[in-house]
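Participant: any chance you can model this:
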Amino acid sequence: MTQKDDQEARPPWDAARVNLTSKELAPGVFAVMPDDVFAKDHVGTTAGFVVGERGVLVIESLLNGDLASQLIGLVRRVTTKPIRFLVNTSYHGDHCYGNYLFPETTTLIQHPATKKYMEEKFEEDRSFMIGLMGKGKGIERVQARTADISVPDMLSVDLGGRTVQVRHFGFAQTPGDLVVWAPDAKVLWVGNMIQAPSPALPWLLEGRHKESIATLTRVRDFLPEDATIIPGHGRPMRPADIEFPLRYLDELDRAVRAAIHKGRSLEATLDALAMPEYNAYSLFDWAHKTVNVPAAYHHLRDSVTAS
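Facilitator: Residues are numbered from 1 along each chain as shown. Got it, this is the predicted structure:
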C-alpha cells in the first residue's frame, strides 16, 4: 500500500479474537464471516467458498495461519472434495497471508499487480501489518505464497457442474482488486472495494477516488438487483447498497474541489469537511479525516489549480 506511513489507526479488529462462521447462501455456496458480523459496522475479514462436483474454490486466505485453518475447517465440515482453487481479492495481508496453509495442489489466483506486490514487498508489508495489528497475532509465522495464475481481466473456473468467474472491474482500493462471481447463486465477493454496508465508508488508501467511483459503478451495473454482495469486512448486502459509498465519494469529490478552488489548505479543508451525515461509522474519524480527505485533496489539487 501507499500512505502506509500515514496510517496511525488502532487495529480495527483483534485477529486473536476472530471466530469464523459459515452461511450457506445457495446450495454449495458459502459466505465465511466473523461471528460478530451482524453486531458491528466493521469486523474481521470475510471469505467464502464454492463447492462443485470436482472440487472447491475458496475466496481469501485471511491474515494468519490460525484464521486460514479455521477457514479450511469450515470447508471440511461441508465436503472432503479437494480445494482446487484459492483466490485473493487483493494484496492486503488480511486477505492473502494465509495462502501458505493451503495444499500445494491448490492453484492460487491473483491479479498481476497483487502477485508483483507480494513478490517485491512482502517483508515490508508484513512488518507494517505487525505494527498495525499487533505482535503475537500469528503474522510473524506467515510465509509468502504468490499466484500460480494471474488474472488481469477475467477467468472462468470450472468446478464441475458450476462455473465461477474471477473478474477485474478496475481500480477500487488497489490496482489488483479482483471480485469472485458465482452466477448460478448470484453471489459476488468484492474484497475491500466495499468495506461493509452503510454506515461504513470506503478507504482511499491509495487515493484515486474517481477511479473508485467508476469501478463501483461498473460493479453495480453488472449485478442483477437480487444479487448478494459479500463485502470485505461486513455483512451481506445488495447492489442497491452500493449507492451509499458512491454518494459519499461523489460528495467528497465535489467538496474537496470546492475547497481547493477557494484556496483552502488541507488543514482548512479538513475543518470544512465534517460531513456529519456520514459520521455514524465507527471508524469515521480515521477513514474520513486521516485517509480519504487528504487522499482526495492531494489527487485533485494539481488538476483543479491548473483548470
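Participant: run through the helices of the chain in chain order.
Facilitator: Under the criterion DSSP state H, helices of the chain are mapped to 65-78, 93-96, 112-133, 209-222, 243-261, 266-272, 284, 293-306.
Participant: compare those and give me the one nearest residue 42.
Facilitator: Among the helices of the chain, helix 284 comes nearest to residue 42, with 10.5 Å by CB to CB. Placement of C-beta: from N, CA and C, glycine included.
Participant: quick one: average confidence on that closest one?
Facilitator: Model confidence over helix 284 averages 97 on the pLDDT scale.
Participant: tabulate the helices of the chain (JSON lines), appending distance to residue 146 and mean neighbour count.
Facilitator: Below are the helices of the chain laid out as JSON lines (distance: least, CB to CB, whole Å; neighbours: other CB atoms under 10 Å):
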{"stretch": "helix 65-78", "distance to residue 146": "16", "mean neighbour count": "18"}
{"stretch": "helix 93-96", "distance to residue 146": "9", "mean neighbour count": "27"}
{"stretch": "helix 112-133", "distance to residue 146": "5", "mean neighbour count": "17"}
{"stretch": "helix 209-222", "distance to residue 146": "23", "mean neighbour count": "18"}
{"stretch": "helix 243-261", "distance to residue 146": "29", "mean neighbour count": "18"}
{"stretch": "helix 266-272", "distance to residue 146": "36", "mean neighbour count": "14"}
{"stretch": "helix 284", "distance to residue 146": "35", "mean neighbour count": "18"}
{"stretch": "helix 293-306", "distance to residue 146": "27", "mean neighbour count": "16"}
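Participant: compare the mean pLDDT across those and name the weakest.
Facilitator: helix 293-306 (a mean of 84).
Participant: got the angle between it and helix 209-222?
Facilitator: 110 degrees (axes from the mean of the first three to the mean of the last three CA atoms, to 10 degrees).
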